[in-house]
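Could you look at this predicted model? Sequence included:
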Amino acid sequence: MFFTAAALLLFRKADKMMKMAVLVSGGGTNLQAIMDAIDSGTITNAEISVVISNNANAYALERAKMHGIEAKCVSPKAYETREKFNEALLQTIQSYGVDLVVLAGCLVVIPEIMVKAYPNKIINIHPALIPSFCGTGYYGLKVHEGVLARGVKVTGATVHFVDEGTDTGPIILQKAVEVKQGDTPEILQRRVMEEAEWKIMPKAIDLIANDKIEIVNGLVKIKE
Ligand code: GRF
């Protein structure tokens with residue numbers, strides 16, 4: 001059989017398992033959705049090399065360990081300055097040789113050195129339809145409080161690449177979720193996770209792992 005050098009290169013690329021670092025801060029239900037999707041074959045060609053939390057008590061670390069995945073805490077409290085913490089976090093990620101960094105409920109502000117080290121290789125899940133209810137100050141329950149205070153009837157979730165701004169990178173996938181009368185921030189948060197976040201985050205990872213995503217003029221195109 002005859003292969004050109006280019007064909008061989010393509011073959012190797014498709015064959016290579018994408019390695020991920022998943023960064024978490026809390027309960028880790030998005031991490032769980034990713035692990036379950038890998039187990040069920042909904043995500044192919046990808047594996048989690050390490051789960052890293054800034055918070056030693058994050059239940060997400062337990063979920064990783066129960067799944068036989070290495071779990072690490074890199075806490076800002078252990079470093080004299082934010083710069084030293086940022087460097088330690090980056091070095092820890094780099095030591096695993098990962099191809100993609102997944103922010104799955106990660107409350108750490110991602111430093112510029114990390115964005116530069118992983119251009120278009122960091123993705124984040126935001127629990128609203130960007131560009132609504134996003135940017136500085138919109139995290140966790142505050143997003144859903146903002147949605148209810150404004151009275152919008154549809155919210156959702158967004159997976160996007162991370163750039164130097166806050167929630168400003170190219171949008172990969174979005175899914176809408178209905179806001180219902182009588183919702184509390186907690187009820188709405190749960191519905192957004194169940195109906196949107198746990199679906200689009202695994203889907204986005206699968207698309208990236210299978211080389212189905214390209215960025216054209218700052219916008220994501222999904223290859224046919
Ligand atoms: C999710 O709503 C996510 O969108 C937000 O924080 C929450 C994390 O949940 N950034 P979990 O830790 O994945 O359960």
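Looks like it arrived, so ask away.

how about whichever strand or helix holds Gly146: buried residues?
For Gly146, the host element (DSSP states H and E) is helix 141-150. For helix 141-150, a neighbour-count test (16 or more other C-beta atoms under 10 Å) marks 143-147 as buried. In this view, the C-beta of every residue, glycine as well, is placed from N, C-alpha and C.

Show me what the lengthiest helix in the chain is packed against.
The longest helix of the chain (DSSP state H) is helix 82-95. Helix 82-95 sits against strand 46-53, helix 112-117, with contacts defined as 3 or more C-beta pairs under 8 Å, 6 or more residues apart in numbering; DSSP states H and E.

Buried residues, the last one. List them.
By neighbour count on 16+ other C-beta under 10 Å, the buried set for helix 112-117 is 114-115.

Relative to whichever helix or strand comes after it, what are the paired strands and their orientations?
Toward the C-terminal end, the helix or strand that comes next after helix 112-117 (DSSP H and E) is strand 122-126. With DSSP bridges as the test, strand 122-126 is paired with strand 100-103 (parallel), strand 154-161 (antiparallel).

Adding mean neighbour count, distance to Val216 and mean pLDDT, write these out as TSV.
Below are the strands paired with strand 122-126 laid out as TSV (neighbours: other C-beta atoms under 10 Å; distance: least, C-beta to C-beta, whole Å; pLDDT from 0 to 100):
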stretch	mean neighbour count	distance to Val216	mean pLDDT
strand 100-103	24	19	98
strand 154-161	23	13	98
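
a markdown table for those, including distance to the ligand?
Shown next, in a markdown table, are the strands paired with strand 122-126 (distance: least, C-beta to the nearest ligand atom, whole Å):
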| stretch | distance to the ligand |
| --- | --- |
| strand 100-103 | 8 |
| strand 154-161 | 6 |
